[in-house]
Every structure is written in structure tokens, then in C-alpha cells.
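# Sharing a model prediction with you, sequence too.
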Amino acid sequence: MIEIRKQNPDETPAILALLKRNACDKFSDYVLKATCFVVVESGCIHGVCSITENESVPIIDFILVDSNQRGLQFGDGLLRAALNYLDHTRHPLVYVKSNSNTKAFFEKENLVLRDTLDPDPDFSFFEVHLPDFFNTPCKGSR
């Protein structure tokens with residue numbers, strides 16, 4: 001059975017190993033400091049999403065799915081789990097940090113690009129208005 005849920009504290013080493021396996025060690029600090037969601041199947045972590053909650057607008061720092069598990073909608077599940085959590089914690093607005101590897105994914109999710117939030121040309125930010133996001137039908141619905 002596949003679960004998408006908040007990480008347990010004892011899963012940190014497995015998440016760090018996932019980051020290393022996918023050449024994403026640069027995200028290690030987020031895992032140690034932020035709220036994380038994971039995709040777990042039979043005790044194996046296939047993906048992770050990090051959220052930095054601050055006093056104003058929370059930021060989804062990254063979403064990573066193991067390279068051999070991509071195409072199974074795990075990224076979509078992590079995004080929706082994180083946004084659902086933030087909606088329940090009463091955050092009406094969320095920013096999602098993106099790089100060139102994830103920009104197309106967030107565009108397919110119909111997130112709104114806000115390039116003016118970060119002067120670093122390697123990153124983009126998307127904006128999500130949670131009430132609107134959850135009131136919009138999924139792409140597969142009629």
C-alpha cells in the first residue's frame with residue numbers, strides 16, 4: 001500500500017539517502033528544519049516534499065521523487081498532501097519554489113508563476129491560492 005503522509009522523525013536518514021541518491025544533497029538542510037511529507041511503499045521512501053512554515057506565507061521548498069519512481073503521480077500526491085496540510089492550518093496563500101527541473105511540472109498543475117519573488121535566475125516561484133486550488137476540478141474530472 002502506498003502512503004503519502006507527514007514524515008516520522010526516524011525517517012530522516014532514509015530521506016537524506018534519497019536526496020543523495022538523486023544528487024539533491026543541497027536540500028538536506030530543509031529536511032532537518034522543515035515539515036516534510038513522504039511517499040512510502042512497503043517501508044521504502046520514494047519521494048519527499050519540504051515545507052517551510054513562516055509567519056507570513058509558507059513555502060514548498062522542493063518536491064523530489066526517486067528517479068526510478070517518476071511518472072507514477074507521486075509528485076502530484078506530495079503537492080496535494082502539502083497543500084491540503086497548509087489549507088487545514090489556515091494558510092490561504094502558498095509559494096512553491098521551482099527550478100528548471102520542476103518548472104514544467106508546476107505549470108501542468110496550473111500554478112501561477114511569480115518570477116519576481118527571487119532574484120536568483122536558477123529559481124522561480126509559483127503562487128497557489130488554496131481556496132481556488134481546491135475548488136478547481138482535477139484535470140481528469142468531467
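Yep, that arrived. Numbering: from 1, shown residues only.
# Just the C-alphas of the longest helix anywhere in the chain, formatted as CSV.
Assignment by DSSP state H gives helix 74-88 as the longest helix of the chain. Taking Å, rounded to 0.1, in the frame of the first residue of the first chain, the C-alpha atoms of helix 74-88 are listed here in CSV:
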residue,chain,number,x,y,z
PHE,A,74,3.8,10.6,-6.6
GLY,A,75,4.8,14.3,-7.2
ASP,A,76,1.2,15.2,-7.7
GLY,A,77,0.3,13.3,-4.5
LEU,A,78,3.0,15.1,-2.5
LEU,A,79,2.0,18.5,-3.8
ARG,A,80,-1.7,17.9,-2.9
ALA,A,81,-0.8,16.5,0.6
ALA,A,82,1.3,19.5,1.3
LEU,A,83,-1.3,22.0,0.1
ASN,A,84,-4.1,20.2,2.0
TYR,A,85,-2.0,20.4,5.2
LEU,A,86,-1.4,24.1,4.7
ASP,A,87,-5.1,24.6,3.9
HIS,A,88,-6.0,22.9,7.2
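# Hmm, Val48 and Leu79 touching each other?
No: between Leu79 and Val48 there is no contact under CB atoms under 8 Å: 12.0 Å. Backbone N, C-alpha and C define where each C-beta goes, glycine included.
# Common neighbours of these two, please.
Residues touching both Leu79 and Val48 (CB atoms under 8 Å, 6 or more residues apart in numbering): Ile63.
# Neighbour count: these two, which is higher?
Val48 (28 against 22; other CB atoms under 10 Å).
# what is the mean pLDDT for stretch 35-49?
For stretch 35-49, mean pLDDT rounds to 95.
# any idea how far Val94 is from the nearest residue to Phe106 once chain neighbours are set aside?
Nearest residue to Phe106, sequence neighbours excluded (CB to CB, 6 or more residues apart in numbering): Phe126, at 4.8 Å. Distance check for Phe126 against Val94: by CB to CB, to the nearest Å, it reads 9 Å.
# got the contact list for the residue nearest to Phe106?
Phe126 neighbours (CB under 8 Å, 6+ apart): Tyr95, Val96, Ser98, Phe106, Leu111, Val112, Leu113, Arg114.
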